[in-house]
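# fold the following.
(one chain, ligands or ions: 1)
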Amino acid sequence: MEVGVIGGGASGMTAAIFAARSGAHVTVLEHTGRVGKKILSTGNGKCNFTNQKLSKDDYHGNHPSFAEPVLQKFGPEAAVDFFESCGMFAASKRDGYFYPATGQAATVLNVLRYQLQSLGVLVMTDQYIEWAKKGKDGIFCVKTKEKMYHFDRLILACGGKAAPATGSDGSGYRIAEEFGHRVIKPLPVLTYLRSKEPFLKELAGVRCQAEISLLVQGKIVQREAGELQLNKDNLSGIPVFQLSHQGILAVDQKKKTTLLVDFLPGYSSREIENKVLKLMDMYGNLPVSEVLGGMLHKKICGAILHKAGISFDKTVGTLTGKETKQIVSLSKEFEFEIVSFPGFEAAQATQGGVDVAQIDENMMSRKVDGLYFAGEILDVDGRCGGYNLHWAWSSGYVAGCHSVNGEVKCYKSASVG
Ligand SMILES: Cc1cc2nc3c(=O)[nH]c(=O)nc-3n(C[C@H](O)[C@H](O)[C@H](O)COP(=O)(O)OP(=O)(O)OC[C@H]3O[C@@H](n4cnc5c(N)ncnc54)[C@H](O)[C@@H]3O)c2cc1C
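Numbers count the residues shown, from 1 in each chain. Just a heads-up that it's a prediction; the model follows:
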């Protein structure tokens, strides 16, 4: 059987490996000069390739339960075992986040390349796809600038639009649409959010632990905690990335979108108020800007006082009850209205993509028999923490196996070579 894979990224290489392990002759058509470029920049060059704590709830999309059967067949243990079977040592760091033991993303790419080579997968780079169709004889024809290819099964694994310099320029959506598939508007995800809040300028450079609530049209829709990074026109850091799916969707739909930042997540308002009252007693003659510096980062303190209209020189002992309450409430709920988000160049993944309502649980098209999909090209995006690469491996596994065997068993260590 001849299997063609369009796109030589994480999902395409995995699909190719499992199709080849199942006995097919496999060709990967990649339009850039090399496969797996994006993998090299993942996890800050270390590649967080899966996560021990993984469930369908770590994924977003218009059909959130779509990922579940795929994840059941290929979970985090399978991902670790798969890479170990390819010749890599995996190491778990920080609470179940898995990386290659070498600490180098290049290791992940290298072992995938060794596998492709040892399985005899034909990897064709610099292949610009002009069109792809299924003929009346049931054979898929793929026309590149130089050549015509023929396949019994075709797997589309072109990625989304994030980090287009790595090759994922969204051209896979056109191919999917030409096969009659619907594409849900792709938007960036796992990226920063922009705010015009004037006090951001004075907060620029602050990194602090915070709890952040995302409000859409005044309602809290998600809460995340972690290290917040404040820049002159945006909020960034892992908790903001985790909120970016819903935040970007809301901004795109022109809904009022706000981040409420709790700069003192470990303390209740009552505890903070009591602390301020104590400080008034202890250091009544000292300027409030100095005294609050024991509780909050100096720049956060400054922004709170500015926003509350309290002079920096005011002595802490002369704070009024109303001013004390303002300090407490701004340290627990500092509001940043979100006005925009960056382009795909600054995003780690894509939300939206090929509508999974038209794909079955074996990753096969419900419209074109023998056409499969894998990875980020689909309307499935994961949280930050190894979930997007895990989706690439797991959906690649299912597509690769099913395209050849017509069935997919749960991944078993013994089933790999
Ligand atoms: C900076 C950064 C850091 C990240 N870090 C992590 C991390 O640590 N953990 C994690 O889980 N996820 C991470 N991600 C996300 C993860 O890398 C992607 O979700 C994953 O690579 C998607 O795999 P894919 O194979 O579906 O798509 P891609 O990796 O984008 O691969 C698609 C491939 O298809 C090729 N292609 C596209 N169109 C065509 C076409 N028309 N014809 C032929 N070839 C085509 C592309 O050139 C590319 O090689 C990160 C992403 C970025 C940008």
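
# switch to C-alpha atoms for all contacts and neighbour counts from now on
Noted.

# mind listing what's buried along the top strand by length along the chain?
Secondary structure of the chain read by DSSP state E shows that its longest strand is strand 219-231. By 16 or more other C-alpha atoms under 10 Å, the buried positions in strand 219-231 come out as 223-225, 227-231.

# most widely separated two among those residues?
Farthest apart among the buried residues of strand 219-231 by C-alpha to C-alpha are R223 and N231. That separation is 20.4 Å.

# can you pull the phi/psi pair for D57?
The phi/psi pair for D57 (degrees, to the nearest 10) reads phi -70, psi -10.

# what's the per-residue pLDDT of the nearest residue to it once chain neighbours are set aside here?
Distances taken as C-alpha to C-alpha, 6 or more residues apart in numbering place P64 nearest to D57, at 7.6 Å, with adjacent residues excluded. In this model, P64 is scored at 88, pLDDT.

# which residues touch P64?
Going by C-alpha atoms under 8 Å, 6 or more residues apart in numbering, P64 touches 56-57, 380.

# and the gap between V26 and the ligand?
Relative to the ligand, V26 is positioned 15 Å away (C-alpha to the nearest ligand atom, to the nearest Å).

# so that residue sits in a strand?
Yes: counting by DSSP: H, G, I helix; E, B strand; the rest coil, V26 is found in a strand.

# look up how far D126 lies from it.
Going from V26 to D126 by C-alpha to C-alpha, to the nearest Å gives 17 Å.

# more neighbours: these two, which one.
The neighbour comparison of V26 against D126 (other C-alpha atoms under 10 Å) goes to V26, with 28 against 15.

# I'd assumed A16 was in contact with the more buried one.
Yes: with contact defined as C-alpha atoms under 8 Å, V26 reaches A16; the gap is 6.2 Å.

# what do those two both touch?
5, 121.

# L187 reaches A346, doesn't it?
No: with contact defined as C-alpha under 8 Å, L187 does not reach A346; the gap is 11.6 Å.

# more neighbours: which of the two?
L187 (22 against 16).

# the more buried one falls within a strand, correct?
Yes: the assignment for L187, made by three-state DSSP, places it in a strand.

# which residues touch it?
By C-alpha under 8 Å, 6+ apart, the neighbours of L187 are 248-249, 344, 350-352.

# just these: which are in helices?
248-249 (DSSP state H).

# and which of the contacts of L187 is nearest the ligand?
For the contacts of L187, the residue nearest the ligand by C-alpha to the nearest ligand atom is T350; the value is 7.7 Å.

# and what about the residue lying farthest from the centre of the chain, helix, strand or coil?
Centroid-distance maximum for the chain: N285 at 49.9 Å, with C-alpha atoms, centre = their mean. Classification of N285 using three-state DSSP returns coil.

# okay but it is in contact with L319, surely?
No: between N285 and L319 there is no contact under C-alpha under 8 Å: 10.9 Å.

# near the ligand at all, stretch 348-361?
Yes: using C-alpha under 6 Å from any ligand atom, we find that stretch 348-361 touches the ligand at 348-349.

# list the buried residues in that stretch.
348-356, 359, 361.

# what's the answer for stretch 189-206, then?
Under 16+ other C-alpha under 10 Å, the buried positions of stretch 189-206 are 189-195, 199-200, 203-204, 206.

# just checking, which of these belong to helices?
Per DSSP H, the subset of these in helices is 200, 203.

# same list, the buried residues of stretch 189-206, but as JSON lines with pLDDT and distance to L116 please.
Converted to JSON lines, these look like this (pLDDT from 0 to 100; distance: C-alpha to C-alpha, whole Å):
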{"residue": "V189", "pLDDT": "98", "distance to L116": "30"}
{"residue": "L190", "pLDDT": "98", "distance to L116": "30"}
{"residue": "T191", "pLDDT": "98", "distance to L116": "32"}
{"residue": "Y192", "pLDDT": "98", "distance to L116": "36"}
{"residue": "L193", "pLDDT": "98", "distance to L116": "39"}
{"residue": "R194", "pLDDT": "98", "distance to L116": "42"}
{"residue": "S195", "pLDDT": "98", "distance to L116": "45"}
{"residue": "F199", "pLDDT": "92", "distance to L116": "52"}
{"residue": "L200", "pLDDT": "95", "distance to L116": "49"}
{"residue": "L203", "pLDDT": "96", "distance to L116": "49"}
{"residue": "A204", "pLDDT": "96", "distance to L116": "46"}
{"residue": "V206", "pLDDT": "97", "distance to L116": "45"}
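
# hmm, which two among the buried residues of stretch 189-206 are most spread apart?
The distance between the two most remote of these (C-alpha to C-alpha) is 25.2 Å, for V189 and F199.

# any residues touching the least confident helix or strand in the chain by mean pLDDT, and which ones?
Across the helices and strands of the chain, mean pLDDT, DSSP states H and E gives its lowest value to strand 90-93, namely a mean of 84. Outside strand 90-93, the residues that touch it by C-alpha under 8 Å, 6+ apart are 80, 83-84, 98-101.

# report the next helix or strand after that strand in sequence order.
Note on strand 90-93: by DSSP states H and E, the next helix or strand toward the C-terminus is strand 97-100.

# quick check, that next one touching the ligand?
No: Strand 97-100 stays clear of the ligand (C-alpha under 6 Å from any ligand atom), getting no nearer than 8.5 Å.
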